[in-house]
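A.B. asks: sequence unknown, structure follows:
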Ligand SMILES: Nc1ncnc2c1ncn2[C@@H]1O[C@H](COP(=O)(O)OP(=O)(O)OP(=O)(O)O)[C@@H](O)[C@H]1O
């Protein structure tokens with residue numbers, strides 16, 4: 001179970017001649033940009049949570065806070081009862097985080113990259129080999145496993161990055177826009193892979209702009225707008241907002257209310 005309460009994160013704005021160079025935004029004041037102002041949600045074992053919101057809403061910043069890559073200014077993050085902010089090392093062992101950049105080593109092959117991250121997590125060689133074979137089956141990576149990462153296509157790199165994110169069998173999985181750049185078939189493989197986490201009872205959180213992915217996969221949704229949770233609830237609760245059962249209408253309604 002992951003529980004996120006009232007997260008906030010601000011960034012110092014660049015200034016020129018004492019004046020902010022940033023465009024006006026409700027989150028911009030006193031030389032600070034309050035990218036995340038009040039974000040709360042939870043995701044239980046066996047659930048997939050979709051993190052939605054317009055460009056710049058604060059999704060990536062929120063996910064980076066969850067992964068402990070960034071430190072929040074306020075709020076709490078608990079995973080299976082453990083305070084992750086007080087225990088960032090535990091957080092890194094328990095969480096698999098896919099960020100926007102693939103973070104692969106170009107000179108290593110796909111397999112060497114995944115193995116390297118497994119060894120960093122202290123996996124034993126026989127366990128690591130079995131886990132790599134399993135992931136390469138699930139993500140259909142066998143045909144390019146011995147190719148250097150810098151010679152892989154965008155979609156191949158993304159699959160490789162996902163394999164390295166989950167190689168250590170994390171108890172919580174966080175994926176930032178995992179289907180970006182994937183063709184239809186690769187996206188399907190990845191969506192099936194995400195769905196498989198429900199049976200494993202591992203909470204999975206992913207950000208996306210694709211409502212059909214949310215429709216297909218998510219049990220729960222959090223919509224962020226201007227750095228605040230504008231909606232958090234089940235898919236049924238979202239669909240029935242404002243009397244419509246259409247997900248697109250519901251999403252537009254939530255985001256327009258905060259505009
Ligand atoms: N290090 C930083 N310094 C200053 N501003 C930042 C920093 N990181 C993010 N921001 C700002 O915070 C806001 C939220 O960014 P974030 O990347 O979290 O949005 P997002 O919801 O993931 O957007 P998108 O859908 O476009 O990926 C943006 O306005 C962004 O410019």
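C.D. replies: That came through fine. Since we're looking at a predicted model, the values are computed, not measured.
A.B. asks: Contact residues of the stretch 1-150 of the chain facing the ligand?
C.D. replies: Within reach of the ligand by Cβ under 6 Å from any ligand atom, the stretch 1-150 of the chain has these residues: 11, 33, 35, 53, 55-61. From N, CA and C alone the C-beta is placed, and that goes for glycine too.
A.B. asks: Which other helices and strands does the helix or strand containing residue 5 contact?
C.D. replies: Counting by DSSP states H and E, the element that carries residue 5 is strand 2-12. The contact analysis (3 or more Cβ pairs under 8 Å, 6 or more residues apart in numbering; DSSP states H and E) places strand 2-12 against strand 32-43, helix 59-66, strand 74-79.
A.B. asks: just those: most buried one?
C.D. replies: helix 59-66 (a mean of 23; mean count of other Cβ atoms under 10 Å).
A.B. asks: Farthest pair within the residues of the stretch 1-150 of the chain next to the ligand?
C.D. replies: Greatest spacing in those, by Cβ to Cβ: 11 and 53 (17.5 Å).
A.B. asks: which one of those two has more residues nearby?
C.D. replies: residue 53 (26 against 14; other Cβ atoms under 10 Å).
A.B. asks: Return the set of residues that bridge with the nearest residue to that one once chain neighbours are set aside.
C.D. replies: Excluding its sequence neighbours, the residue lying closest to residue 53 (Cβ to Cβ, 6 or more residues apart in numbering) is residue 224, at 3.9 Å. Beta-bridge partners for residue 224, by DSSP bridges, are residue 229.
A.B. asks: what's near enough to touch residue 57?
C.D. replies: Applying Cβ atoms under 8 Å, 6 or more residues apart in numbering, we find residue 57 in contact with 224-227.
A.B. asks: what separates it from residue 116, distance-wise?
C.D. replies: From residue 57 over to residue 116 the distance is 34 Å, taken as Cβ to Cβ, to the nearest Å.
A.B. asks: same check, this time on residue 55
C.D. replies: Counting by Cβ to Cβ, the gap from residue 55 to residue 116 is 33 Å.
A.B. asks: Which one of these two is surrounded by more residues?
C.D. replies: residue 116 (15 against 6).
A.B. asks: show me what contacts the more buried one?
C.D. replies: Counting by Cβ under 8 Å, 6+ apart, residue 116 has contacts 105, 108, 164.
A.B. asks: helix/strand/coil for it?
C.D. replies: helix (DSSP: H, G, I helix; E, B strand; the rest coil).
A.B. asks: and it, how far is that from residue 222?
C.D. replies: Residue 116 sits 33 Å away from residue 222, going by Cβ to Cβ.
A.B. asks: And residue 32, what's its pLDDT?
C.D. replies: Here the pLDDT value assigned to residue 32 is 89.
A.B. asks: report the longest helix in the chain, please.
C.D. replies: helix 184-200 (DSSP state H).
A.B. asks: which other helices and strands contact that helix?
C.D. replies: strand 48-52, helix 125-138, helix 154-166, strand 204-207, helix 211-217.
A.B. asks: can those go into a markdown table with extra columns for mean pLDDT and mean neighbour count?
C.D. replies: Output for the helices and strands packed on helix 184-200, formatted as a markdown table (pLDDT from 0 to 100; neighbours: other Cβ atoms under 10 Å):
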| stretch | mean pLDDT | mean neighbour count |
| --- | --- | --- |
| strand 48-52 | 97 | 25 |
| helix 125-138 | 97 | 15 |
| helix 154-166 | 94 | 23 |
| strand 204-207 | 97 | 26 |
| helix 211-217 | 93 | 17 |
